[in-house]
Structures are given as structure tokens and as C-alpha cells.
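Engineer: Pasting the sequence and the predicted model now:
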Number of protein chains: 2
Amino acid sequence: MNRVLITGGAGFIGSNLADSLKSNGIEVRIFDNFSTGRREFVAESGVEIFEGDLRTDRDLLDRAISGCDTVFHLAANADVRFGWDHPFLDLQQNVMVTLEVADAARNAGVSDFVFSSTGSVYGEATVFPTAEDYGSPVQTSLYGASKISAESFLAAYSTAGYFRSTVFRFVSVLGAHYSHGHVIDFVKQLVADPSKLRILGDGTQTKSYMHVNDCIDAVTAVRSQNDFDVFNLGVPDTCQVMDSAKWIISQMGVDPEFEFTGGSKGWVGDNPFILLDVEKAKQMGWTAKRSIESSVRDTVQWILANPWILEKV
Amino acid sequence: MNRVLITGGAGFIGSNLADSLKSNGIEVRIFDNFSTGRREFVAESGVEIFEGDLRTDRDLLDRAISGCDTVFHLAANADVRFGWDHPFLDLQQNVMVTLEVADAARNAGVSDFVFSSTGSVYGEATVFPTAEDYGSPVQTSLYGASKISAESFLAAYSTAGYFRSTVFRFVSVLGAHYSHGHVIDFVKQLVADPSKLRILGDGTQTKSYMHVNDCIDAVTAVRSQNDFDVFNLGVPDTCQVMDSAKWIISQMGVDPEFEFTGGSKGWVGDNPFILLDVEKAKQMGWTAKRSIESSVRDTVQWILANPWILEKV
């Protein structure tokens, strides 16, 4: 890699990726509309910033991608909760935008297209841990549907020879620049009132979290061995939301009472259980080095050291 | 079924489906923009015709779908050959349009959504016959990518409880109203000049064809046993393009010399081999009754009895 473009480069994962690549001497450009990306995450990074909308600012995208050998396409609508209130949003933000970036990459002669997908594409899987070749995925959210759609179009581009695609299906990610999800929600509640914590569902939802540094290790180093390959990224174990709540409380040194909203799911379209088989990425030399507990504690530390983020969520 | 809407209802499969349902006393509405659909196919069918563009005429779609219990969404761009000249066409015609119809169906309270997908979604499969739960599909065309995308969004609608979806993955279909593909291309050539026949590739491309009457038998009778199910439709055997050419010649009573353009594929994105495992549809009581040879011969007979179609292709 010499020069790269990161879409969504001011976001949580994108800005960590930008810092990592930059520190390795790679020329980094980011494209972001700053709707969920944050200027604070890239202000001192020394990357070149292209501010625009990937759906409509095609000229700007073409300029940003020109001369890049690798594109990391991370920009997306990542909020699965409100899919049914805006039934075209995932299609627009995650499928149509991916095709715009793929078309620009094709025209610019980009050699590598790296795409952030999701473990949600396995729907309510019946096999755990779930491997990349799980054969009966039934999408349970517009978000998951949009990500598998984008993957499929990238496969078509790659088998036609336009560029190599490497797709990563993530579990949820934690770490520096984390600004969306239950950990920050819990910290925010506890900063405001350390005496109680309200938890969606019954707290038994099983989750799997990866540290963003482990994620970046894979995204920068693992590449498809064919025109197109998919790699699950995650940790080998899981936790319940309750475990996470206890680690957060311990890290903050508070002792609240719990309030549960009830039910076994947090929200419509929430996946009740995700555990990914990461053997394929391991065969490429990658493995997650951090436990879920250390990822949660590290995230709490980062939030408490950057309290301005609590005003933004 | 009491009242149904067929999108693409003036097309090859749609118009056969309309005739079949109408003859069973069902009230049939069709929605078509007549870009590839033909007025001749529905002129005497007695169906109610809504002429418009599914991408832009949402009001008309809402009127057409109102009061329908079942939607057969067959409208699509089905020409895989020119995908890379128009890299957004399959997205627009096959994914975005499907979401418009799904959204309209959700709002109208439709109970059953029947969708025509394709055996192309298995890409260059490595397992034959290929079953619905084949776990390593890599899309090799924008067309295949668009169809798996549309399937995935319908799954999300169905698991959210808005309607039941039944997806059929077809092999190529032959029979009355056939107007696109190698059989009509060959007949047209031979009507113009019975002394020679030009064949794309080397004639060894392996294909599998189903008769449209068998297709309609499945589409009208087989339904998902869950919120969302996928059924392959096809015949148990295959032929080479050369076999088909010989049946056509025999049926027409001509004796041309063959010219081959060379290569093992007909065109970019053409799938070299499709053979579907149809066990799942068989378990629902369906089976293809007609051989590939009888489907090819029946199609030639229909074309020769309707020579006006040759002027349209």
C-alpha cells in the first residue's frame, strides 16, 4: 500500500485505521460526510480530508480515489434499530453507496477493495460458531440484507477482474473512538446518576466484542487469496450484557441498582446471538489478542478520558 | 388466492402465469412498462393492466396492489450480458424496484410475496446439483448479485412479519411467449437462411431448461413453510447448446452448416454450468414433467406459429 482512501474515515473504525496506516508511512485520504464521523478523531491525524456525500458527490469521490491503490470502504448506516421507520435507508447508504465507490474504484484502477461487513449477515444462525460458508442465512434486518447485498456486488466486480475484494464480517467493536452502543450508553447513564443503570431487555443477550486494535490488525494485513474472499473477525468467546455491565461498573468504581426493560431481545432486528468462527482469518496469521473484558474496560477508560464524547451521544 | 398482482405481467413468464391464474378464476392485475413485456401476450387475457414504471410510479403501484392478497414480483432486468456497460442497471431494476414493491406490499397488507430469482446466484458453483443451502456462492455477474440482494431484503421483510416470501431460483425457461435467448436467436437465423447457423462459443456450454408450464405449476402451488423459503426450480438433466441446436434443426426440418465463434463461454458473466438440486420443491409435491428436448421443440413450434415475434427480437 502506498496511497489509500478510507470512506467513513472519520468514524470509529475508520479513524483508528487512518492513524494506524499513517503511522506506517502510508499516504491516507479519508472521505466522510461527518454525519456520525467526528472531526475530533481526525483533526491531528495529518490525513487528507474529503468532505462530502458518497451518494451525490461523485466528482469529489473520483478526485479522492484517484491514484489510490487500496480503498477501505467503511462508510455505512450502521444503526440497525430504526430500519423499519426508514425502509430505504440501508439500501441507499449501504448498497447504492457501495456501488458508487466500486464504480469509482473500477474507473480509477484501484487494485484492492476492502469492505466492512457484519456478522449480522448470518441472521438467526443455527450453527455456532458460524463460519463464512454457513449455507442457510436468512436475513433478519434491512441492515444485514444491505451488507450481504453490497458483498455480492463486490464479488461480481472482483470475478470480472476489476479489483480484488476482501470482505470482513465483524462482530461489534470496542476501543478508542467508540461512540455508539451499550457501553457508552451505560457509562453516560452512570456518569449522570451512579445509583442506577437501566438495561434494555433482560441483560442475558449474548454478545461478542472485538477490540478495535485487533480489528485494525486484520484489516491492514489480511487479504483475499482469490479475487474475492470473506473473513469473519471476532473473539472466540462471548459475554452477556450483564457481564459487560459489571465490568463497566467495576472500571468506574460505582455500585448502581439495575433496572431491566424486559424481554430477551434489545430491539427489533437485534440478533440474539452472534459467535463467529474465525479459523479462516487465523489461517492468514491473524488472531484477536484482547479479551472481551479488557476491550470493555479499555473502552470505559477511553470514554472517561474523553468526556466530551458523552455530550455527542 | 383471490386477487393478485403480477409485476412484469406482460413478460414471458408473467403472461403465462396471468393466463393460468385467470383460468382458475382468480382476479389478476398486471403491472408492466412494456419495455420487454408484449401487449400481444395479454391483449386477450382479460387481466387488468397497470402500465407504468415501478421505480417512479409509486402511486400507480399502490393502486394496483391495493386489495391484493398475493404479489408475484417478476419484473426485472434479465439481460446479464451487458451488465458492465450499465453497472447500475441491475441495482436499479432488480434491487431498488423490489424494495419499492415490498414496501407497497407491506403498506397494503399483502400476505404472500412470490419472487422470481435465478440459479445464477450460485455463481460458479463447485457442487452439482446445487442445493438452496450451497454455502460458498460467489457472484459472477451484477445480475446474480442483484437477485441475491433482492432475496435478502425480502427475507428481512418476512422475518419482521410483514408478509410471507416464497423465492424461486429458476434455470432458463422455454415455452409459449418465449422471446429472448438462444432458441429464438437460432430459429430467427434459420428462418432467414436455413443453410447456416452461427453459435456463440464452442457449442459445449452446458445448460438446463425448464418448460414454462412446469414453472407456472410451481409458482402457483409451492409456498414457503416458514416466513421465508427458497426453492430451486429446474429439470434433473442438462444439455449442451449443440444438442439444443440439433433439436431445433430437426423440428424445423432444415440442415445448416454450423459456425462457432469459439471459446467455452458465450459471453462475459455467462455461467458455464448450472444444474440445480430440486429436491426441496419435490418435497412440496412439485416436479418438472417435461424434458429439455420437448421444451425446446415446443418452443420452436410456438415461434413458428407466431412468426411476428421474430420481428421483435
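Structural biologist: Good, I have the coordinates.
Engineer: got the contact list for A:V235?
Structural biologist: The contact partners of A:V235, by CB atoms under 8 Å, 6 or more residues apart in numbering or on different chains, come to A:V171, A:S208, A:Y209, A:M210, A:D214, A:V278, A:A288, A:R290, A:S291, A:I292. (Each C-beta comes from the backbone N, C-alpha and C, glycine too.)
Engineer: Make TSV out of those and add neighbour count and distance to chain B.
Structural biologist: Formatted as TSV, the contacts of A:V235 follow (neighbours: other CB atoms under 10 Å in any protein chain shown; distance: CB to the nearest CB, whole Å):
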residue	neighbour count	distance to chain B
A:V171	24	20
A:S208	21	21
A:Y209	28	24
A:M210	24	23
A:D214	21	26
A:V278	24	17
A:A288	25	24
A:R290	18	30
A:S291	15	30
A:I292	25	27
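Engineer: And those, which is closest to B:R3?
Structural biologist: A:V171 (45.3 Å; CB to CB).
Engineer: quick one on the thing from earlier: save the contacts of A:V235 as JSON lines, and put in secondary structure and pLDDT too.
Structural biologist: Below are those laid out as JSON lines (DSSP: H, G, I helix; E, B strand; the rest coil; pLDDT from 0 to 100):
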{"residue": "A:V171", "secondary structure": "coil", "pLDDT": "90"}
{"residue": "A:S208", "secondary structure": "coil", "pLDDT": "88"}
{"residue": "A:Y209", "secondary structure": "strand", "pLDDT": "93"}
{"residue": "A:M210", "secondary structure": "strand", "pLDDT": "96"}
{"residue": "A:D214", "secondary structure": "helix", "pLDDT": "98"}
{"residue": "A:V278", "secondary structure": "coil", "pLDDT": "97"}
{"residue": "A:A288", "secondary structure": "coil", "pLDDT": "97"}
{"residue": "A:R290", "secondary structure": "coil", "pLDDT": "97"}
{"residue": "A:S291", "secondary structure": "coil", "pLDDT": "97"}
{"residue": "A:I292", "secondary structure": "helix", "pLDDT": "97"}
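Engineer: Closest one of the residues you listed to A:D19?
Structural biologist: Nearest to A:D19 among the contacts of A:V235, with distances taken as CB to CB, is A:D214, at 14.9 Å.
Engineer: right, and that closest one touches A:A288 too?
Structural biologist: Yes - judged on CB atoms under 8 Å, A:D214 makes contact with A:A288 at a distance of 4.3 Å.
Engineer: between those two, what contacts are shared?
Structural biologist: With CB under 8 Å, 6+ apart, A:D214 and A:A288 have common neighbours A:L233, A:V235.
Engineer: Sticking with the residue lying closest to A:G9 once chain neighbours are set aside, tell me its helix or strand.
Structural biologist: Computed as CB to CB, 6 or more residues apart in numbering or on different chains, the closest residue to A:G9 that is not its neighbour in sequence is A:I30, at 2.5 Å. A:I30 is part of strand A:27-32 when elements are defined by DSSP states H and E.
Engineer: and what of A:F168?
Structural biologist: Here A:F168 is assigned to strand A:164-170, by DSSP H and E.
Engineer: helices and strands around the helix or strand following that strand, which ones?
Structural biologist: The first helix or strand that comes after strand A:164-170 along the chain, using DSSP H and E, is strand A:172-174. If you count contacts as 3 or more CB pairs under 8 Å, 6 or more residues apart in numbering or on different chains; DSSP states H and E, strand A:172-174 packs onto strand A:209-211, helix A:212-221, helix A:292-305.
Engineer: all strands of chain A, in order?
Structural biologist: A:3-7, A:27-32, A:48-51, A:70-73, A:112-118, A:164-170, A:172-174, A:196-199, A:206-207, A:209-211, A:228-233, A:239-240, A:257-260 (DSSP state E).
Engineer: With just CA atoms, put the strand holding A:I30 into CSV.
Structural biologist: Output of strand A:27-32 as CSV, limited to C-alpha atoms (Å, rounded to 0.1, in the frame of the first residue of the first chain):
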residue,chain,number,x,y,z
GLU,A,27,-0.5,8.3,2.5
VAL,A,28,-4.0,8.4,3.8
ARG,A,29,-7.1,10.1,2.4
ILE,A,30,-10.4,10.0,4.1
PHE,A,31,-13.9,10.6,2.7
ASP,A,32,-16.6,11.5,5.2
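Engineer: follow-up on the earlier one: can I get the helices and strands packed on strand A:172-174 in a markdown table with distance to A:F273?
Structural biologist: Converted to a markdown table, the helices and strands packed on strand A:172-174 look like this (distance: least, CB to CB, whole Å):
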| stretch | distance to A:F273 |
| --- | --- |
| strand A:209-211 | 14 |
| helix A:212-221 | 20 |
| helix A:292-305 | 14 |
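Engineer: Tell me which of those sits most buried.
Structural biologist: Mean neighbours per residue, mean count of other CB atoms under 10 Å in any protein chain shown, is largest over the helices and strands packed on strand A:172-174 for strand A:209-211, with a mean of 25.
Engineer: got the contact list for it?
Structural biologist: By CB under 8 Å, 6+ apart, strand A:209-211 touches A:170-175, A:233-235, A:239, A:244, A:288-290, A:292, A:294-296, A:298.
Engineer: Pull the distance from it to the chain's centre.
Structural biologist: 10 Å (CA atoms, centre = their mean, to the nearest Å).
Engineer: Tell me which strands it pairs with, and in which orientation.
Structural biologist: Strands that pair with strand A:209-211, judged by DSSP bridges, come out as strand A:172-174 (parallel).
Engineer: and the partner strand, what's its mean pLDDT?
Structural biologist: For strand A:172-174, the mean per-residue pLDDT is 94.
Engineer: Show me which positions of that strand end up buried.
Structural biologist: A:S172, A:V173, A:L174 (16 or more other CB atoms under 10 Å in any protein chain shown).
Engineer: mind listing what the closest residue in space to A:I309 that isn't next to it in sequence touches?
Structural biologist: Nearest non-adjacent residue to A:I309, counting by CB to CB, 6+ apart: A:S179, 5.5 Å away. Residues in contact with A:S179 (CB under 8 Å, 6+ apart) are A:F12, A:T36, A:R38, A:I309, A:K312, A:V313.
Engineer: quick check, nearest of these to chain B?
Structural biologist: Nearest to chain B, judged by CB to the nearest CB, of the contacts of A:S179 is A:T36 at 21.9 Å.
Engineer: Lowest mean pLDDT among the helices and strands, pick that one out for chain A.
Structural biologist: One helix or strand of chain A scores below all others by mean pLDDT, DSSP states H and E: strand A:206-207, with a mean of 84.
Engineer: Give me the helices and strands touching that one, please.
Structural biologist: strand A:239-240.
Engineer: Give the partner strands of the strand it packs on in its sheet and their orientations.
Structural biologist: strand A:206-207 (antiparallel).
Engineer: related to what we said a few turns ago, the strand holding A:I30 to strand A:3-7, inter-axis angle?
Structural biologist: Counting by axes from the mean of the first three to the mean of the last three CA atoms, to 10 degrees, strand A:27-32 lies at 20 degrees to strand A:3-7.
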